[in-house]
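1. Here's my sequence, what's the structure:
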Amino acid sequence: MRRKRMVSGSDNDSVVDMTPMLDVVFILLIFFIVTASFVKEAGVDVLRPGAETGTLQKNVTLFVAITAVGDVWINHRKIDKRAVRANVERLHAENPQGSVVVQADKRTETGTLIEVMDQIRLAGVTNVAVATEAQD
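-> Numbers count the residues shown, from 1 in each chain. Purely as a prediction, here's the structure:
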């Protein structure tokens, strides 16, 4: 009579292969990163004036916000009006075909808006627009 030997070890152990699950998670991560829309903001909320003739700007690369008291914000940073030109030159160099949108509060003084827009144009940006709220 032959005796069967009891084999202990890897024959009875079940192993779950995690590689396919990790591949799926990695592919989903890449999908969400690629399809996510990155919203650029100036860094401060402003009450924009309304306009019936406003049009949607395409290829906006930079938002400049001006608050009601005349503070200028670019990329979530408050900057001095005299530094607008240098900041816009640096940021516009990343995408020279892009445009700049100025988000001025409706209570902003016109002189401040013109001064900021002039600095943006001196930085070499030709496509400058002022953001408005659509009116019904």
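2. Quick check: the gap between E89 and G124.
-> 7 Å (Cβ to Cβ, to the nearest Å). For every residue, glycine as well, the C-beta is placed using N, CA and C.
3. More neighbours: these two, which one.
-> More crowded of E89 and G124, by other Cβ atoms under 10 Å: E89, with 15 against 12.
4. show me the contacts for the nearest residue to that one once chain neighbours are set aside.
-> Distances taken as Cβ to Cβ, 6 or more residues apart in numbering place A123 nearest to E89, at 4.4 Å, with adjacent residues excluded. A123 makes contacts with 84-86, 88-89, 92, as judged by Cβ atoms under 8 Å, 6 or more residues apart in numbering.
5. give me that answer again for 6 Å
-> 85, 88-89 (Cβ atoms under 6 Å, 6 or more residues apart in numbering).
6. which one among these gets closest to V102?
-> For the contacts of A123, the residue nearest V102 by Cβ to Cβ is V88; the value is 10.5 Å.
7. name the element the closest one belongs to?
-> Secondary structure assignment for V88, by DSSP states H and E: helix 84-92.
8. Please consider this matter closed, and thank you.
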